[in-house]
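Structural data only, the sequence is not supplied:
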Ligand SMILES: [Zn+2]
């Protein structure tokens, strides 16, 4: 591959030495909204399952691009799921991914509860859903039954535990939502869990910050456990070559009845016994959930899969889960006197783990950080544009958590299936909060492929189709990640493979097919759409996206005799795969 730097960029390619032996006054912490915390009822809701709550996921647990908004309750497919309080079924959704089969129950106190990944609903609800699916000729539906149609009593069964949607095994995903629409930690609402085990502290990191609270680099410190299970650092004083630092921890909680690493409830940091930072998993605003990417060490997560809670906030992190303090966790260290650092990690039932040590600024340990050459400086607190040869993007205000030194290089990629330069836009390990517009101009796209052209993200392995619409000579999409982008074309139809299908289906209850496409989708690209008919009539094929599986359960609609099945599957660029077959019933 040949690297071509745009001439206008060459002069700006600066090696930046970030030396940070400065003692500037602390810049004011980012303006965080002061949120009035609601108090929640503790004796209103009952557990939605029988036989005790066994957690495989907690509220506020760190998940890709979001905080987990509820509890994951372990169980067996088919277990009864109960309404947690009196109310009525407000919304029913059926989704190929996400929550799968999900019920929202509205309660007279203004709260809602949500029950997701259900295998199925109780028969009256199930029949209502199936009728609506046939009416609309769609598997995925969102239904709002009239208020009085499905009234429920506290403890009444509403469904069966399952594994539908984006679920990694049978469990109930249970949420409690406040009247203002926030996800409230159900463990604060009296949902009982047996847990007398304190959170575990696995790793600690020190982040070196400049006077704008921006991270220059980091260093890991190993933790040790003594025979009593106390966690400490080797030696009680760490010498740190920096004037201003933040800390980060890898920490998990466990309850008594499942050996599962769950999320913790709060992470607090004290400097000389003063609260400097506190993050709490008490409630989550769905619009803010992506600030998780600012709270965690995103690059470490992308590179190594490790989840670190930052114990300081980045300048562009406006999440409501922090307690307001003067420093927001950016600690100024002294050379003449060590600072006492206390990390206090708690679970929602009040078990607490503490780590104490002293941090001393040591000039002899001063670190030098060399940043990679970069072409553009993108401030976090403004809108940023790039308008270059064949490439254009607009990053809205609020898309970045900190000011970045943006790297951009274009390659002339000679691959047969690439129809533009390869645009290397910074680094996929830098998080982006908001979607942004990205446009690429093709360099050698045959006219016949214009309607099949897509913006492809080639970050790793197979490229993703990010969609694209033509604006004159530019192909344009909206995405939410940095990385490598180019124009490719999708001319390949999705494949439909029979899994359970034969000429004689008289002894089968269901038929099933695998549907696969050549590109995964991202950005504005659409997921696969499909339609299944028997003798020309639409029939309900359920779609399990995680298994790429379509299945049809035989019912009274298909009588005895010979029938013709047709399945059509269409991808984002209109390529259509067809399966046709005759079977006997
Ligand atoms: Zn869940």
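That came through fine. Not measured: the values here are computed from a predicted model.

Is residue 487 in contact with residue 445, as I believe?
Yes. Under the criterion of Cβ atoms under 8 Å, residue 487 makes contact with residue 445 at 6.3 Å. All C-beta atoms are positioned from the backbone trio N, CA, C, and that covers glycine.

So the two - more neighbours on which side?
Applying other Cβ atoms under 10 Å to residue 487 and residue 445 shows that residue 487 carries more neighbours, namely 25 against 19.

and the gap between the more buried one and the ion?
Counting by Cβ to the ion, to the nearest Å, the gap from residue 487 to the ion is 37 Å.

if we can go back for a sec, hey, what's in contact with both of residue 487 and residue 445?
Counting by Cβ atoms under 8 Å, 6 or more residues apart in numbering, the shared contacts of residue 487 and residue 445 are 419, 420, 453.

What strand or helix carries the closest residue to the ion within the chain?
Residue nearest to the ion within the chain: residue 173 (3.4 Å; Cβ to the ion). In this assignment (DSSP states H and E), residue 173 forms part of strand 171-177.

So residue 288: helix, strand or coil?
helix (DSSP: H, G, I helix; E, B strand; the rest coil).

just checking, it touches residue 319?
Yes. Between residue 288 and residue 319 there is a contact at 5.2 Å, judged by Cβ under 8 Å.

how about residue 116, secondary structure?
strand.

Spit out the contact partners of it.
Residue 116 makes contacts with 70, 99, 100, 101, 102, 165, 167, 172, 173, 174, 175, as judged by Cβ under 8 Å, 6+ apart.

so it bridges to which residues?
Per DSSP bridges, the residues bridged to residue 116 are residue 173.

following the longest helix seen in the chain, which helix or strand shows up next?
In terms of residue count, the longest helix belonging to the chain (DSSP state H) is helix 123-136. Once the chain leaves helix 123-136, the next helix or strand it forms, by DSSP H and E, is strand 141-143.

The ion contacts on this structure?
Residues of the chain that fall close to the ion, judged by Cβ under 5 Å from the ion: 57, 72, 173.

re the thing from before, are any of the contacts of residue 116 buried, and if so which?
70, 99, 100, 101, 102, 165, 167, 172, 173, 174, 175 (16 or more other Cβ atoms under 10 Å).

Among the residues you listed, find the lowest-pLDDT one for me.
Lowest in pLDDT among the buried ones among the contacts of residue 116 is residue 167, which has 93.

now the strands: where do they sit in the stretch 151-300 of the chain?
Ranges of strands within the stretch 151-300 of the chain are 151-152, 157-160, 171-177, 183-184, 200-209, 215-225, 231-233, 237-240, 244-252, 266-271, 274-280, 283-284, based on DSSP state E, counting those that start in this stretch.

can you list these in JSON lines and add distance to residue 543?
Shown next, in JSON lines, are the strands of the stretch 151-300 of the chain (distance: least, Cβ to Cβ, whole Å):
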{"stretch": "strand 151-152", "distance to residue 543": "28"}
{"stretch": "strand 157-160", "distance to residue 543": "19"}
{"stretch": "strand 171-177", "distance to residue 543": "19"}
{"stretch": "strand 183-184", "distance to residue 543": "27"}
{"stretch": "strand 200-209", "distance to residue 543": "39"}
{"stretch": "strand 215-225", "distance to residue 543": "42"}
{"stretch": "strand 231-233", "distance to residue 543": "46"}
{"stretch": "strand 237-240", "distance to residue 543": "53"}
{"stretch": "strand 244-252", "distance to residue 543": "34"}
{"stretch": "strand 266-271", "distance to residue 543": "39"}
{"stretch": "strand 274-280", "distance to residue 543": "37"}
{"stretch": "strand 283-284", "distance to residue 543": "29"}
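
C-terminal to the least confident helix or strand in the chain by mean pLDDT, what's the next element?
Ranked by mean pLDDT, DSSP states H and E, the weakest helix or strand in the chain is strand 14-19, scoring a mean of 32. Following strand 14-19 in sequence order, the next helix or strand is strand 55-57 (DSSP H and E).

Can you tell me the strand partners of that next one and which way each runs?
When pairing is defined by DSSP bridges, strand 55-57 lines up against strand 71-74 (antiparallel).

average model confidence for the strand it pairs with?
pLDDT averaged over strand 71-74 gives 97.

Stretch 78-89 too?
Averaging the model's pLDDT scores along stretch 78-89 yields 98.

mind listing what's buried in that stretch?
Neighbour counts over stretch 78-89 (16+ other Cβ under 10 Å) mark 79, 81, 82, 83, 84, 85, 86, 87, 88, 89 as buried.

Please apply the same query to stretch 131-148.
Across stretch 131-148, burial judged by 16+ other Cβ under 10 Å covers 132, 133, 139, 140, 143, 145.

cool, and stretch 97-112?
Under the neighbour-count criterion of 16+ other Cβ under 10 Å, stretch 97-112 has 99, 100, 101, 102, 103, 104, 105, 106, 107, 111, 112 buried.

Stretch 42-59 now?
44, 45, 47, 48, 49, 53, 54, 55, 56, 57, 58, 59.

contact partners of the strand holding residue 173?
Outside strand 171-177, the residues touching it (Cβ under 8 Å, 6+ apart) are 40, 45, 48-49, 56-57, 59, 69-75, 79, 81, 84, 99, 111-118, 161, 163, 167, 183-184, 186, 189, 191.

Could you do stretch 570-578 as well?
Contacts of stretch 570-578 (Cβ under 8 Å, 6+ apart): 451-452, 454, 465, 467, 489-496, 515, 517, 519, 521, 525-530, 566-569.

pLDDT on it, on average?
Stretch 570-578 carries an average pLDDT of 97.

now swap in stretch 272-285 and tell me
For stretch 272-285, mean pLDDT rounds to 97.

how long is that stretch end to end?
Across stretch 272-285, the terminal residues are separated by 32 Å (Cα to Cα, to the nearest Å).

Use 26 as the first number for this chain going forward.
From this message on, residue numbering opens at 26, which makes the last subject stretch 297-310.

and it, which residues are buried?
Residues 300, 301, 302, 303, 304, 305, 306, 307, 308, 309, 310 are the ones in stretch 297-310 that count as buried (16+ other Cβ under 10 Å).

hmm, which two among the residues you listed are most spread apart?
Within the buried residues of stretch 297-310, two members stand farthest from each other by Cβ to Cβ: 301 and 310, at 23.7 Å.

and which of the contacts of residue 141 is nearest to residue 410?
Among the contacts of residue 141, residue 124 lies closest to residue 410 (Cβ to Cβ), at 37.0 Å.

Adding secondary structure and distance to residue 465, write the shared contacts of residue 512 and residue 470 out as JSON lines.
Formatted as JSON lines, the shared contacts of residue 512 and residue 470 follow (DSSP: H, G, I helix; E, B strand; the rest coil; distance: Cβ to Cβ, whole Å):
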{"residue": "444", "secondary structure": "coil", "distance to residue 465": "9"}
{"residue": "445", "secondary structure": "coil", "distance to residue 465": "5"}
{"residue": "478", "secondary structure": "strand", "distance to residue 465": "9"}
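
Filter the residues you listed down to the buried ones.
Buried residues within the shared contacts of residue 512 and residue 470, counting neighbours by 16+ other Cβ under 10 Å: 444, 445, 478.

which one is the first one nearest to, not counting chain neighbours?
Meaning residue 444. Distances taken as Cβ to Cβ, 6 or more residues apart in numbering place residue 470 nearest to residue 444, at 4.1 Å, with adjacent residues excluded.

Look at that neighbour and report its pLDDT.
Residue 470 is given a pLDDT of 96.
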